[in-house]
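Q: need coordinates for the below:
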Amino acid sequence: MDIASDSTESDVVGAEYATSYQLSSASDLSYIPIKNLQELGSQIATALNVDQNTISVVTAQMNATSTTKSSVRRRRQTSCAAETASGGARAEIRLSIRYPRRCGRSSACKATFLETIKNLLATMAVFSPILDLDDGIGRVPVSLKICHVTVEKRERTATTIKTITTSVSTTSTTTGNVLWL
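A: Residues are numbered from 1 along each chain as shown. Down below sits the predicted model:
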């Protein structure tokens, strides 16, 4: 049974890429934001051979992969270890997928479409976009190799509307006219 869904966009899809690009050691940041999100979304859509309006980039950044970081960070690096062993950075890109009109309100169609896009991202071996890095470096072509793709479920919360009804009581006083003689 298919459940109707009004959403036209997917949950956020996270993609992590390994690169040999080395971040400047002059920077105090362990990450550098990528500024050209709309252009990056178009570049990804072109590489996947999907409609340009299908993919939009929510956030994107380059992360340093220093081996002196915590053990949690090192565990996350293992999928990209070979590519980043020489000190290369990781690119983390979070995407939103716009469902095609043909899916309408069909949750099954949307789930299939999202899985297709996720698989296309995971099988795109090497991708070389131009990234506009927000640390004064500017626009650089960077070769990215996929490490992994995940779907981050949105928290769905019910909206509670509290209605407060105020009643005002009125007292009416009737006075009679008394005639005094």
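
Q: report the buried residues of the host helix or strand of I32.
A: Counting by DSSP states H and E, the element that carries I32 is strand 31-33. Across strand 31-33, burial judged by 16 or more other C-beta atoms under 10 Å covers Y31, I32. For the C-beta atoms, the positions are set from N, CA and C on the backbone; glycine is no exception.

Q: output the contacting helices and strands for that strand.
A: Judged by 3 or more C-beta pairs under 8 Å, 6 or more residues apart in numbering; DSSP states H and E, strand 31-33 is in contact with strand 55-63.

Q: on that earlier part again, so which elements touch the next helix or strand after the strand holding I32?
A: Next along the chain after strand 31-33, taking DSSP H and E as the criterion, comes helix 37-48. With contacts taken as 3+ C-beta pairs under 8 Å, 6+ apart, helix 37-48 sits against strand 55-63, strand 90-97, helix 107-123, strand 126-127, strand 130-133.

Q: can we see that at 6 Å?
A: Packing partners of helix 37-48 (3 or more C-beta pairs under 6 Å, 6 or more residues apart in numbering; DSSP states H and E): strand 55-63.

Q: who does the strand it packs on pair up with?
A: strand 31-33 (antiparallel), strand 90-97 (antiparallel) (DSSP bridges).

Q: T112: neighbour count?
A: Neighbourhood size, T112 [other C-beta atoms under 10 Å]: 12.

Q: same thing with the one 4 residues further on?
A: Neighbours of T116 under the rule other C-beta under 10 Å: 13.

Q: rewinding a little: quick one: contacts of the strand holding I32?
A: For strand 31-33, the external contacting residues (C-beta atoms under 6 Å, 6 or more residues apart in numbering) are Q61, M62, N63, L133, D134, D135.

Q: only whichever of those residues are buried, select them in PyMOL.
A: Entered in PyMOL, the line below selects the buried ones among those, by 16+ other C-beta under 10 Å:
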select buried, resi 61+62+63+133+134
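
Q: hmm, back to that, pLDDT averaged over the strand holding I32 - what is it?
A: In this model, strand 31-33 has a mean pLDDT of 87.

Q: same thing with stretch 127-144?
A: Mean pLDDT, computed over stretch 127-144, is 86.

Q: if I pick the closest residue to L40 other than its chain neighbours, what's in contact with it?
A: The spatially closest residue to L40, leaving aside those adjacent along the chain, is V57, at 4.9 Å (C-beta to C-beta, 6 or more residues apart in numbering). By C-beta under 6 Å, 6+ apart, the contact list for V57 reads L37, L40, G41, L95.

Q: what is the closest residue to the last one other than its chain neighbours paired to in the beta sheet?
A: So the one you mean is L95. Once flanking residues are discounted, L95 sits nearest to V13: 4.6 Å by C-beta to C-beta, 6+ apart. Beta-bridge partners recorded for V13 (DSSP bridges): L95, V151.

Q: all set now, cheers.
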